[in-house]
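Enquirer: Task: produce atomic coordinates for the following.
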Amino acid sequence: MTTSRPGSPGRRPGERGDLLDPYCPTRQLLDRIGTKWTSMAVKVLAEEAPGELRFAELRRRIPGISQKVLSVTLQSLVRDGLAARRVEPTVPPAVHYRLTELGLSLESPLSALRVWAETHMGEIDRNNQLADETPPN
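Expert: Down below sits the predicted model:
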């Protein structure tokens, strides 16, 4: 690993960043997409690809998400170029979302993370239970 910053003059093409550096691309990306709501929104939109989903349908398909959190999540995805937004000029406006090619390319790594979680969450839960049952030193 290196401590150089992305885009800095000392950085060579293809050189890996330092996750501990606030300017590391991996760290910056995790700050943007590291929430459960972002992961769920990408999954639901990927299932519909190449089609679109209206805001209300997205909200129905993501249990527990509030209207405000979904709105902020989608705004971030659109801002980062991971999703596209289309508004129909109706009353009220019909707002549609779809993943861009960049957003679709994110589904595979997020899917791998979901598989890892499904494989290991039982073990993590058992470790937490053991930690809760063990008296502190």
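
Enquirer: quick one: P136 is in a strand?
Expert: No - under DSSP: H, G, I helix; E, B strand; the rest coil, P136 sits outside any strand and is assigned coil.

Enquirer: Against R126, how distant is it?
Expert: Counting by Cβ to Cβ, to the nearest Å, the separation of P136 from R126 is 19 Å. Quick note: C-beta positions are derived from backbone N, CA and C, even for glycine.

Enquirer: neighbour-wise, which of the two wins?
Expert: R126 (10 against 4; other Cβ atoms under 10 Å).

Enquirer: Secondary structure element for that one, which one?
Expert: According to DSSP states H and E, R126 maps onto helix 101-133.

Enquirer: Work out the gap between that helix and the centre of the chain.
Expert: The chain centre lies 13 Å from the centre of helix 101-133; the measure is Cα atoms, centre = their mean, to the nearest Å.

Enquirer: Check which helices and strands it sits against.
Expert: With contacts taken as 3 or more Cβ pairs under 8 Å, 6 or more residues apart in numbering; DSSP states H and E, helix 101-133 sits against helix 36-48.

Enquirer: Please work out the average pLDDT along the helix it packs on.
Expert: On average, the pLDDT along helix 36-48 is 95.

Enquirer: what does stretch 54-62 give?
Expert: pLDDT averaged over stretch 54-62 gives 96.

Enquirer: do stretch 118-129 as well
Expert: Stretch 118-129 comes out at a mean pLDDT of 94.

Enquirer: and that stretch, C-alpha only, in PDB?
Expert: The C-alpha coordinates for stretch 118-129 follow below in PDB (Å, rounded to 0.1, in the frame of the first residue of the first chain):
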ATOM      1  CA  GLU A 118     -25.400 -14.800   4.500                       C
ATOM      2  CA  THR A 119     -22.500 -17.200   4.900                       C
ATOM      3  CA  HIS A 120     -21.000 -15.700   8.000                       C
ATOM      4  CA  MET A 121     -23.700 -13.800   9.900                       C
ATOM      5  CA  GLY A 122     -24.600 -16.900  12.000                       C
ATOM      6  CA  GLU A 123     -21.000 -17.100  13.200                       C
ATOM      7  CA  ILE A 124     -20.900 -13.400  13.900                       C
ATOM      8  CA  ASP A 125     -24.200 -13.700  15.900                       C
ATOM      9  CA  ARG A 126     -22.800 -16.600  17.900                       C
ATOM     10  CA  ASN A 127     -19.600 -14.600  18.700                       C
ATOM     11  CA  ASN A 128     -21.700 -11.700  19.900                       C
ATOM     12  CA  GLN A 129     -23.800 -14.000  22.100                       C
END
